[in-house]
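A.B. asks: starting from these lines, generate the structure:
(one chain, ligands or ions: 2)
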Amino acid sequence: MAKKMETEEVKKLKEELLVNRKNGYFQIPDEKVKKADDFCEDYKKFLNQGKTEREVVRYAVKSAEEAGFVPFDPAKKYNAGDKVYYNNRGRAIILAVIGKNGCKNGVRIAAAHIDSPRLDLKPHPLYEKDDIAWLKTHYYGGIKKYQWTAIPLSMHGRAVLKNGTKVDIRLGEEEGEPQFCVTDLLPHLAAEQMEKKLSKAIEGENLNITVGSWPVRADDGDNLVKLNIMKLLHDKYGMTEEDFVSADIEFVPAFKASDIGFDHSMIGAYGHDDRVCAYPALMAALHAGTPESTVVTVLADKEEVGSDGNTGLNSQFMHYFIADLARAEGMEPSHVLQQSKCLSADVTAAFDPNYASAYEAINSCYINNGVGMAKYTGARGKSGSSEASAEFVAEIRNIFEQNDVLWQIGELGKVDAGGGGTVAMFIANLDVDVLDVGVPVLSMHSPFEVVSKLDVYMTYLGIKAFYEAK
Ligand code: MN
Ligand code: MN
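C.D. replies: Ligands and ions are numbered 1, 2, ... in the order given. Alright, predicted model coming up:
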């Protein structure tokens, strides 16, 4: 029979051998909690200013230029400490800080995405029905449609008029500006609707946005409400109805980012996925100093629709950028890529006890337990995922440990519950080592997602430590 252990011995052995999963808050000193809080005050301002990919790129360009970044010139030779950015069509951006060793040992990449689920306008959106003017929408990304009714929406985007004039649109965010909404049926009359499946209760073709109800004053004529709305749009933006065909107009939730909880420990906002990783990645780039290896921060578009398109990471824009860096130093792009390392910074699901049955509690990420790693994403038998190697997970884990970055690792829900992907596989397919890391989110893809401030800050510290690693 084995020797009976003393209580103290058991405690010691547990500490040595078992994973300790205490709430992360207990592992963070008060000064660091305060730093997380300050970091998140600026993050909330960023969220309120950057509600679309175009607005985030504008924010990134402005803050990068203030930090000394200049537009990238592929014909130029750069030196250690030089800071450059490449604005890809106003919808995606790459920032690079040239390292002491340049690309010689590969580059360090952090990639996040800046598009979020929303309601886009169709090419012919405006119509009048029963004396109300409406805009027809086509949703973008994975949404639960019922969540988009009866909430205030704001209008964002860009119209390019017939004469070529570019008009930037942002309406419904400032005090006193009008907002918009998708209506829903009153419960009194919803007996039939309430019997439907959640996926059928609100259909895509019913996500029509109400935009006005007053006609032009006239004795007769049809479509007078529609005409009045078009007249107002013309007065404000110079648009005619046909100009909708060459416009990227997105409707997003109009509410502002706000602290959640009596203790102010969380932030509720639209678009945490994935601006909650894009902002820490951007800040890590701006604060990069002169790293050992060149660091490359990518804020990409189109992730929510599969990363296809020339502003998404399933295109070659990042590959070409790194190839330019490589050639400027006389290196083969493929030799740089194969030595490069990447954190694919995207959100993960936070365990929600209200929906516990969708998660596997032992392998979930939790609010306040730090930046969440995912060794693989995908669905079913790890389909549609690039799994990080044991070696690369170990390397990142050690960097986090050495720099007091609180981290956790988990899967996105139960094995057979569904799944999801990130940009990781597109970068891994370029022969780069990639690991998914990011902030755990409650109510992901809803109009009002929730994250923990500690986790946001830890994601920043994690990316920063990765950039500074030798
Ligand atoms: Mn995402
Ligand atoms: Mn997403």
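A.B. asks: closest point of the stretch 151-300 of the chain to ligand 1, which residue?
C.D. replies: The minimum distance from the stretch 151-300 of the chain to ligand 1, using CB to the ion, falls at D274 (3.9 Å). To be clear about C-beta, it is placed using only N, CA and C from the backbone, and glycine gets the same treatment.
A.B. asks: count the neighbours of that residue for me.
C.D. replies: By other CB atoms under 10 Å, 28 other residues sit near D274.
A.B. asks: now swap in P71 and tell me
C.D. replies: 11.
A.B. asks: so the closest residue in space to G378 that isn't next to it in sequence versus ligand 1, what's the distance?
C.D. replies: In space, G378 comes closest to S385 once its chain neighbours are excluded; the distance is 2.9 Å by CB to CB, 6 or more residues apart in numbering. Remark: distance between S385 and ligand 1 (CB to the ion, to the nearest Å) = 14 Å.
A.B. asks: then K453?
C.D. replies: From K453 to ligand 1 the distance is 19 Å (CB to the ion).
A.B. asks: what does the stretch 301-450 of the chain have sitting close to ligand 1?
C.D. replies: Proximity of the stretch 301-450 of the chain to ligand 1 (CB under 5 Å from the ion) is limited to residues D346.
A.B. asks: could you redo the last one with a cut-off of 8 Å?
C.D. replies: Contacts of the stretch 301-450 of the chain with ligand 1, taken as CB under 8 Å from the ion, map to E303, E304, D346, V347, G420, T422, G438.
A.B. asks: most neighbours among these, which one?
C.D. replies: Counting by other CB under 10 Å, top hit in these: T422 with 31 neighbours.
A.B. asks: quick one on the thing from earlier: make sure the residue of the stretch 151-300 of the chain closest to ligand 1 is actually in contact with G438.
C.D. replies: Yes - checked against CB atoms under 8 Å, the pair D274 and G438 is within contact range at 7.3 Å.
A.B. asks: before we move on, the earlier item: give the contact list for the nearest residue to the residue of the stretch 151-300 of the chain closest to ligand 1 once chain neighbours are set aside.
C.D. replies: Excluding the flanking residues, the one nearest D274 by CB to CB, 6+ apart is H113, at 4.5 Å. H113 is in contact with D274, A278, L299, A300, D301, K302, E303, E304, S307, L313, D346, V423, counting by CB atoms under 8 Å, 6 or more residues apart in numbering.
A.B. asks: per-residue pLDDT, the residue of the stretch 1-150 of the chain found nearest ligand 1?
C.D. replies: Ligand 1 sits closest to H113 of the stretch 1-150 of the chain, with a gap of 5.7 Å, by CB to the ion. Reported pLDDT at H113 in the predicted model: 98.
A.B. asks: ditto for L153
C.D. replies: 98.
A.B. asks: list the contacts of it.
C.D. replies: L119, G172, Q179, F180, C181, V182, I209, F251, V252, P253, A254.
A.B. asks: ok, 7 Å please
C.D. replies: L153 makes contacts with G172, Q179, F180, C181, I209, F251, V252, P253, A254, as judged by CB atoms under 7 Å, 6 or more residues apart in numbering.
A.B. asks: which residues of the stretch 151-300 of the chain lie near ligand 1?
C.D. replies: D273, D274, C277.
A.B. asks: out of these, which are inside helices?
C.D. replies: Among these, DSSP state H puts D273, D274, C277 in helices.
A.B. asks: the last one touches A112, doesn't it?
C.D. replies: Yes - using CB atoms under 7 Å as the test, C277 is close enough to A112 to be in contact (4.1 Å).
A.B. asks: which neighbours do these two share?
C.D. replies: A345, D346.
A.B. asks: which residues are contacting the lengthiest helix in the chain?
C.D. replies: Longest helix of the chain, by residue count under DSSP H: helix 30-49. Helix 30-49 is contacted from outside by 55, 59, 256-257, 267, 269, 271, 275, 279, 453-454, 456-457, 460, using CB under 7 Å, 6+ apart.
A.B. asks: what residue lies at the spatial centre of the chain?
C.D. replies: Central residue of the chain (CA atoms, centre = their mean): D274, 1.3 Å from the mean position.
A.B. asks: tell me who's in contact with it.
C.D. replies: By CB under 7 Å, 6+ apart, the residues touching D274 are A112, H113, I114, E303, D346, V347.
A.B. asks: wait, doesn't the fifth one sit right on G438?
C.D. replies: Yes - counting by CB under 7 Å, G438 is a contact partner of D346 at 4.7 Å.
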